[in-house]
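Peer 1: Coordinates for the following, if possible.
(chains A, B, C, D, E and F)
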Protein chains: 6
Amino acid sequence: MTTFERSSGRAANALRPVRITRGYTRHAEGSVLIEFGETRVLCTASVEERVPPHKKGSGEGWVTAEYGMLPRATHTRSGREAAKGKQTGRTQEIQRLIGRSLRAVFDLAALGERTITLDCDVLQADGGTRTAAITGAFVAAQDAVNVLLSKSLLAASPIREHVAAVSVGIVNGTPLLDLEYIEDSACDTDMNVVMTGAGGFIEIQGTAEGATFSREEMNQLLQLATDGITDLVALQKAALSAPLPA
Amino acid sequence: MTTFERSSGRAANALRPVRITRGYTRHAEGSVLIEFGETRVLCTASVEERVPPHKKGSGEGWVTAEYGMLPRATHTRSGREAAKGKQTGRTQEIQRLIGRSLRAVFDLAALGERTITLDCDVLQADGGTRTAAITGAFVAAQDAVNVLLSKSLLAASPIREHVAAVSVGIVNGTPLLDLEYIEDSACDTDMNVVMTGAGGFIEIQGTAEGATFSREEMNQLLQLATDGITDLVALQKAALSAPLPA
Amino acid sequence: MTTFERSSGRAANALRPVRITRGYTRHAEGSVLIEFGETRVLCTASVEERVPPHKKGSGEGWVTAEYGMLPRATHTRSGREAAKGKQTGRTQEIQRLIGRSLRAVFDLAALGERTITLDCDVLQADGGTRTAAITGAFVAAQDAVNVLLSKSLLAASPIREHVAAVSVGIVNGTPLLDLEYIEDSACDTDMNVVMTGAGGFIEIQGTAEGATFSREEMNQLLQLATDGITDLVALQKAALSAPLPA
Amino acid sequence: MTTFERSSGRAANALRPVRITRGYTRHAEGSVLIEFGETRVLCTASVEERVPPHKKGSGEGWVTAEYGMLPRATHTRSGREAAKGKQTGRTQEIQRLIGRSLRAVFDLAALGERTITLDCDVLQADGGTRTAAITGAFVAAQDAVNVLLSKSLLAASPIREHVAAVSVGIVNGTPLLDLEYIEDSACDTDMNVVMTGAGGFIEIQGTAEGATFSREEMNQLLQLATDGITDLVALQKAALSAPLPA
Amino acid sequence: MTTFERSSGRAANALRPVRITRGYTRHAEGSVLIEFGETRVLCTASVEERVPPHKKGSGEGWVTAEYGMLPRATHTRSGREAAKGKQTGRTQEIQRLIGRSLRAVFDLAALGERTITLDCDVLQADGGTRTAAITGAFVAAQDAVNVLLSKSLLAASPIREHVAAVSVGIVNGTPLLDLEYIEDSACDTDMNVVMTGAGGFIEIQGTAEGATFSREEMNQLLQLATDGITDLVALQKAALSAPLPA
Amino acid sequence: MTTFERSSGRAANALRPVRITRGYTRHAEGSVLIEFGETRVLCTASVEERVPPHKKGSGEGWVTAEYGMLPRATHTRSGREAAKGKQTGRTQEIQRLIGRSLRAVFDLAALGERTITLDCDVLQADGGTRTAAITGAFVAAQDAVNVLLSKSLLAASPIREHVAAVSVGIVNGTPLLDLEYIEDSACDTDMNVVMTGAGGFIEIQGTAEGATFSREEMNQLLQLATDGITDLVALQKAALSAPLPA
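Peer 2: Have a look, this model is predicted:
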């Protein structure tokens, strides 16, 4: 088995440096800049006192997400989706994943008939934008819920658990945690894993880009992901335990 | 653990009756009606002697897929995507999945600079449309390749392996193979698995709809899927071994 | 006058073999596969308990149609309208024609404030798709009305008459009934005729593709069409007199 | 048979006053304002030295049409198609009809690899906009061809014949020529007829709006139309025989 | 400083011949053809007894504008916006300008909860279409208000002042009033000025196309514009003092 | 004349604190975060070795801009343009203004056949986003040109002058420089001014939101703007004189 040399001498089972900056912008109820190494995603949580049609009159709220990438977040400029008049399939896939992941830890009845929209906009991309987005969106959602609690609009938090996500993959036969762009491009298997703070799986999306993968390889990848998400949840908790910057 | 009573007394680890009808329509190079119980998907493979821009001059071909659902394939009528002027996120997700799955077993260099488009149109839906589509699209692709071989446009087949797919899920605590719509609606965890004939994984997409799932549950689901796909590949082979109806 | 040799030795005034399969799919209130030779159109009738804005509060119902063609229903693959984001002018013309034709035999007040949508999707095309669609949609609409009657949602049928349609044309100087694709491509004049079971005209759309046509030629074409539609109405009646397959 | 009192005491078989103003705007190669009573359509013919893809390298030219209606051409304001982002089915039907009608009298090989686009924009609508558009577009096309001839870009005219169009219909049992809006709204049968100067039919589109129509009624309508078109062709000729205003 | 020779020997500070034809079409509450030399714009004012969502229940009305250009209003044919499925940025900029300019002289509370839509469609373009549109739209709006007054739907006019607009620019160093297309193409600075009858500025939009401009040049341009608008307001008054043609 | 109390005791003729952060993201050739008080705009300059069709083969380059606002840059969430499928008229107006302003200081022939695209994305909005965007885009463009110079892709800079922009307005009778959102909402007149470093005007866009404005008021506003832009150009120079952060 060939081993793969990671940038900055990172170990195969190590996350990139993670930074979570709360209160990054001022208008949103929750606003978090999350960085997984050079990947930087701005996650805002917006509360609106209305629900989409399928929830009207249900007594339940809704949690949803939208995802975007600034045109020059990437190595070469990609066309602006607003200018082209439609979102790509990739964008839709990612925002659906973020929405499902966050809804999985929300008690929609406890939220009441209101909507929390998580806007995840990639300022700079270096692999793992969707997993950073989920991890950061959770923190933004928590800040938005805190606003509702502090205004007595909610009596108790509708959030049941933490949720975080990380990518794993096999590059040159070596299972790696938290892939950078260059690793993502080279990998045979790429897997995004979403878990709760309690260690339950919410989503697993694994794709063989080159060779297929085996049950054993998948088990290795899931172990890497489980450990990485444990660390990410700890980082979320640390970030949330600090006072929100003025 | 509650057990769940399946329709027609089906066992938890049993596929629905599968029917593969080749030559279902006459114009396409490959045309297959695949039925997983009451789910019916028409899969056609069309060969065109041109490639998309990113493959021009590469000497390689391309394999891609499009997915659609007739408006009344479902219990209640859904709006026609062509009339609404765009494909839903769900449609795009599914057609991207079908395309990736088929490309995983194709040697694009051996295909040469031509495109095979797999159109998967759901005539009747009862759960598992995307897995039926992948399984049927493979047979249609094989028939299209046979046309190219018989016309000496190809010297050897660019298809390296079989590919098939099945859904699995946990309903009331019971892991089930090949979910019908009613089971799909009730399940806590829903997973689509795509594998090669040789038993390698191409795609795993698992989602917790209600409770999260554990590593052990996932292992149970993957075992079910592996067995089911083994059966589906045998059914593909049986269908392909018969002469194509005139 | 040159005579034109038709495929299978068909006479100039003969329909292709017509097959009408009711209950082709299971979810729709009416579901009919109609075949005019190699042309195959799936016509479903969906009942919804709402009406479009211009009928709200009028006490009247609405009957409308949508038309589509699977990408590989034709000799060469045509782009999927849902993917291109709009319906062609041809598609819109055809679905407007089907809708007008069906409304012409409906008593919208007797239908009550509900909508019947006729989805006509071409699985395989060999000329005459719009006339097959009208002829099949009538049978699907009748089955849907029968459901409403059997559930006592309607006291009496809002259908006043049968409606059916056929194409006629002049090829190499010979007037022909029910053109196949190859005849349609070669014809000088192409005419679609829609009539009631009682023999009244609902629509006549005649187009000179090459040479113009005269009054006398038009009279010949209308006679052919009248005879053909008489036969089609008989076939509709025969199909409807059989019990609906379970 | 009830008789119907027409506005201004017009006879059942009389056209409304027709006015054809050539050179109505200055930039187009042909520019004609045509008035059928209160219906006013501006028809311009634009020559471009290029052809659509399906004609490239064929040595043949192309003739096409676009149709539009100013938002307040009608009694109540209709939404602007450009603002809504799409053309209605009605608009597409009409512009396809105008295009086919004009192509029917053009020798596309004699035109050479260039395109004539006929833009027909309704300034004021009072019934019969599509028939006025066809009749006026012919005059504009003739003026555009004259420009090409005068510049020696063409050696001989590619126009083989005149083409003109008129509507006919049955109102309260009376067959009428050239329907105004109020008659069109009240009619049982509405038919648009396009003919050449030599008296051949190019298009017949008849629709029963209320009661169906019989062969005999259709014959009466076609006779009215034939006479009306004979008059319209004479009016085109008179307009074209005058010098073009500076 | 070079002087620039204008067509027809027009003085640098002279408007082109202006013609204002009221009652140009018959359905709209106000319908005005305005001509600035060879530029011809049809401005209609339509009254509708409803307001957009942001005004519902406010007791206030709304005034808005839409702008369009017929495809062959220009030297070479431009694509039809309705066919392309969207309005250009230029079109949107212009219609927003017209709307703001008209709203500036309207008392929306006095208008009551109704909407006046000003459709400005360019039949022929030779520079200055947006300024002609504003100047003509005012007259159409006045005629529409007169209809409301005459029907006693309004007790007093909601129009507080006249509004008119003109373009100015610097060509070859010479400040010019009311630019024609050829001057507009050659100018270094192009400015559109909208003023009230009382001499207040509503909008100034100045753009350096080549060299930048100085405060002094801007003062010269504004003086030219002020004089020109004084003349335009006098022409509006003269047009409105005449009886509306039947 | 009433005076208006500004936030933080800012003088009527004072800019908000301006911060210009170069190298804000790493992939773009130029990447600048510009802050006018609480308004924060990320401006990236991307170089591509191709030009739009109208410049092909001209030997000249192109400079263009796109503008966007993150959904929660504002007090209440605005819909994402990419999700709605089109850019608003406001967005298009702004990006056209940015593009024209930058092109005004570029020698497109000296740039050669390449394109610089300026993406201006508002992370947080508090008034003046378009003027901040122009001022920041200039710095990003300069950095991108520096990259081209340092790689010897350009021999000399195609940038002729600095360009910067500021808003001015009249609030409660007091002319103010660099309006915040709350001032912008309250103002009678709002003007955006774009000037070169040499003091020439590139664009002036003034709009009366309430009362009209006079020549004298405009002169006061232009003086404020001229002084403000002098300061902004000095700030651009200071930012550019520092070494680019690694």
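Peer 1: In three-state terms, how would residue A:130 be classified?
Peer 2: Following DSSP: H, G, I helix; E, B strand; the rest coil, residue A:130 is assigned to helix.
Peer 1: Tell me the pLDDT of it.
Peer 2: pLDDT, the model's per-residue confidence, is 98 for residue A:130.
Peer 1: Quick one: residues contacting it.
Peer 2: Contact analysis of residue A:130 by C-beta atoms under 8 Å, 6 or more residues apart in numbering or on different chains lists A:67, A:94, A:97, A:98, A:165, A:167, A:192. The way it works is simple: take the backbone N, C-alpha and C, and place the C-beta from them, glycine included.
Peer 1: Would you check which pair of those residues lies furthest apart?
Peer 2: Maximum pairwise distance among the contacts of residue A:130 (C-beta to C-beta): 15.3 Å, between A:67 and A:167.
Peer 1: From residue F:26, how far off is the nearest residue to residue A:42 once chain neighbours are set aside?
Peer 2: The spatial neighbour of residue A:42 that comes closest, neighbours along the chain excluded (C-beta to C-beta, 6 or more residues apart in numbering or on different chains), is residue A:121 at 5.0 Å. Residue A:121 sits 17 Å away from residue F:26, going by C-beta to C-beta, to the nearest Å.
Peer 1: Same question for residue A:78.
Peer 2: 16 Å.
Peer 1: Then residue A:52?
Peer 2: Taken as C-beta to C-beta, the span from residue A:52 to residue F:26 is 38 Å.
Peer 1: Show me which of the two is the more surrounded one.
Peer 2: Using other C-beta atoms under 10 Å in any protein chain shown as the criterion, residue A:52 and residue F:26 rank with residue F:26 on top: 13 against 9.
Peer 1: Mind telling me what element that one is part of?
Peer 2: Here residue F:26, judged by DSSP states H and E, is contained in no helix and no strand.
Peer 1: got a list of what it touches?
Peer 2: Counting by C-beta under 8 Å, 6+ apart, residue F:26 makes contact with A:38, A:124.
Peer 1: mind redoing it with 10 Å?
Peer 2: Contacts for residue F:26 (C-beta atoms under 10 Å, 6 or more residues apart in numbering or on different chains) come out as A:38, A:40, A:73, A:75, A:124, A:126, F:246.
Peer 1: Next, give me the two most distant ones among these.
Peer 2: Farthest pair in the contacts of residue F:26, by C-beta to C-beta: A:73 and F:246, 19.7 Å.
Peer 1: Could you check which of those two is surrounded by more residues?
Peer 2: Higher neighbour count among residue A:73 and residue F:246: residue A:73, with 27 against 5, using other C-beta under 10 Å.
Peer 1: SS state for the more buried one?
Peer 2: Here residue A:73 is coil, with the state taken from three-state DSSP.
Peer 1: Surely residue A:194 is in a strand?
Peer 2: Yes: under three-state DSSP, residue A:194 falls within a strand.
Peer 1: Could you report the neighbour count for the residue nearest to residue A:42?
Peer 2: 25.
Peer 1: Same question for residue A:78.
Peer 2: By the criterion of other C-beta under 10 Å, residue A:78 has 16 neighbours.
Peer 1: can you tell me which residues contact the residue of chain A at minimum distance from chain C?
Peer 2: Per C-beta to the nearest C-beta, residue A:86 is where chain A lies closest to chain C, at 7.7 Å. Neighbouring residues of residue A:86 by C-beta under 10 Å, 6+ apart: A:92, B:85, B:86, B:87, C:85, F:82, F:83, F:85, F:86.
Peer 1: Would you mark the buried spots in whatever helix or strand residue A:234 lives in?
Peer 2: Using DSSP H and E, the element containing residue A:234 is helix A:215-241. By neighbour count on 16 or more other C-beta atoms under 10 Å in any protein chain shown, the buried set for helix A:215-241 is A:217-218, A:221-222, A:224-229, A:231-233, A:235-236, A:239-240.
Peer 1: ok, now stretch A:169-184?
Peer 2: Residues of stretch A:169-184 classed as buried: A:169-171, A:174-181, A:183-184 (neighbour count, 16+ other C-beta under 10 Å).
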